[in-house]
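In: here's a sequence, model it:
(4 chains)
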Number of protein chains: 2
Amino acid sequence: MRRDIFQAIADPTRRAILTLIALQAMTPNAIAENFNTTRQSVSKHLRILTECELVKQEQQGREIYYSLEVEKIKEVDEWVSQFRKLWETRFNQLDDVLSTLKQQHK
Amino acid sequence: MRRDIFQAIADPTRRAILTLIALQAMTPNAIAENFNTTRQSVSKHLRILTECELVKQEQQGREIYYSLEVEKIKEVDEWVSQFRKLWETRFNQLDDVLSTLKQQHK
DNA sequence: TTTATGTGCAACCATTCGGTTTCGCAAGCT
DNA sequence: AGCTTGCGAAACCGAATGGTTGCACATAAA
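Out: This is a model prediction of the structure:
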């Protein structure tokens, strides 16, 4: 029962769910209508997303609305950021090459 | 045999490998020394990382040096970026709350 | 040429994953 | 009170995952 964010977003359906509920909270049934799968399957995905706090629930009568915990996605952003400086450096190097080529054209 | 980046970075060992070879290319044996696992296991991870182009290899004699394809990680960054505006908005809202509280103190 | 080293690959195994089916429960409707 | 609806949880199943072991094939060293 590994429960970390990276394992959670590994599944394409779960990523789609996150995108879907990013703007407005939705019920499991409403979410399931957007995919070729059953409500129970979506329910399982929601459980995983809830367990690693990517999603929060809010009961309203007999319906449960799920919405995105956007703060949690920052953790992915933080992991990516360790590499960001690398591709920025590479970009700058490309920049240097381009300006050198420009110089040679003059 | 799903081969997408998100599935690739789902495994903590693979994420550690990416961090490890981000700054300098390394051989499978050298990489394996950093983990409590066998060379063959690392080799399998490297194959997965290579297949989804997160890593590139360079043969040198009988050794194979693996290094990071930093450009590919941008794809994760792009996925995250769809949520970035959300947490920035939330931050601004918090900002508004704080300045309102500040006003009330005056 | 023989031996040692670095590597990938295939076979195997226990575990996990994602999906479906079935069930039970609680909230609303008639 | 009955019936319907929305939901989670458990049981089950085929497929995928991560690890180990054993092998084959190069390259380098003796």
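In: pretty sure A:Pro28 sits against A:Lys44.
Out: No - using CB atoms under 8 Å, A:Pro28 is not in contact with A:Lys44, being 10.0 Å away. Glycine gets a C-beta too; all of them are placed from N, C-alpha and C.
In: more crowded one of those two?
Out: Shown here are A:Pro28 and A:Lys44; by other CB atoms under 10 Å in any protein chain shown, A:Pro28 has more neighbours (20 against 14).
In: now do the contacts for the closest residue to A:Val42 other than its chain neighbours.
Out: Distance criterion CB to CB, 6 or more residues apart in numbering or on different chains; nearest residue to A:Val42, sequence neighbours excluded, is A:Ala32 at 4.3 Å. A:Ala32 makes contact with A:Thr38, A:Arg39, A:Ser41, A:Val42, according to CB atoms under 8 Å, 6 or more residues apart in numbering or on different chains.
In: make a markdown table out of these and add distance to B:Thr13, secondary structure and neighbour count.
Out: What follows is the contacts of A:Ala32, written out as a markdown table (distance: CB to CB, whole Å; DSSP: H, G, I helix; E, B strand; the rest coil; neighbours: other CB atoms under 10 Å in any protein chain shown):
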| residue | distance to B:Thr13 | secondary structure | neighbour count |
| --- | --- | --- | --- |
| A:Thr38 | 33 | coil | 10 |
| A:Arg39 | 35 | helix | 16 |
| A:Ser41 | 28 | helix | 14 |
| A:Val42 | 30 | helix | 24 |
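In: got TSV for the residues you listed, with distance to DNA strand D too?
Out: Listed next are the contacts of A:Ala32 as TSV, based on distance: CB to the nearest atom of the strand, whole Å:
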residue	distance to DNA strand D
A:Thr38	9
A:Arg39	6
A:Ser41	9
A:Val42	7
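In: need the residues you listed in TSV with pLDDT, can you?
Out: As requested, the contacts of A:Ala32 are exported to TSV (pLDDT from 0 to 100):
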residue	pLDDT
A:Thr38	96
A:Arg39	97
A:Ser41	98
A:Val42	98
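In: what about stretch A:17-31 and DNA strand C, touching?
Out: No - with CB under 7 Å from any atom of the strand as the criterion, DNA strand C is not reached by stretch A:17-31; the gap is at least 10.1 Å.
In: and that stretch, what's buried?
Out: Buried residues in stretch A:17-31, counted by 16 or more other CB atoms under 10 Å in any protein chain shown: A:Ile17, A:Leu18, A:Leu20, A:Ile21, A:Ala25, A:Met26, A:Thr27, A:Pro28, A:Ala30, A:Ile31.
In: stretch A:74-81 now?
Out: Result for stretch A:74-81 [16+ other CB under 10 Å]: buried residues A:Lys74, A:Glu75, A:Val76, A:Asp77, A:Trp79, A:Val80.
In: kindly export it (C-alpha atoms) in PDB.
Out: Presented in PDB, the C-alpha positions along stretch A:74-81 are these (Å, rounded to 0.1, in the frame of the first residue of the first chain):
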ATOM      1  CA  LYS A  74       3.400  21.700  -5.300                       C
ATOM      2  CA  GLU A  75       5.300  18.700  -4.000                       C
ATOM      3  CA  VAL A  76       5.600  17.500  -7.600                       C
ATOM      4  CA  ASP A  77       6.600  20.900  -8.600                       C
ATOM      5  CA  GLU A  78       9.300  20.900  -5.900                       C
ATOM      6  CA  TRP A  79      10.700  17.700  -7.200                       C
ATOM      7  CA  VAL A  80      10.800  19.000 -10.800                       C
ATOM      8  CA  SER A  81      12.500  22.200  -9.600                       C
END
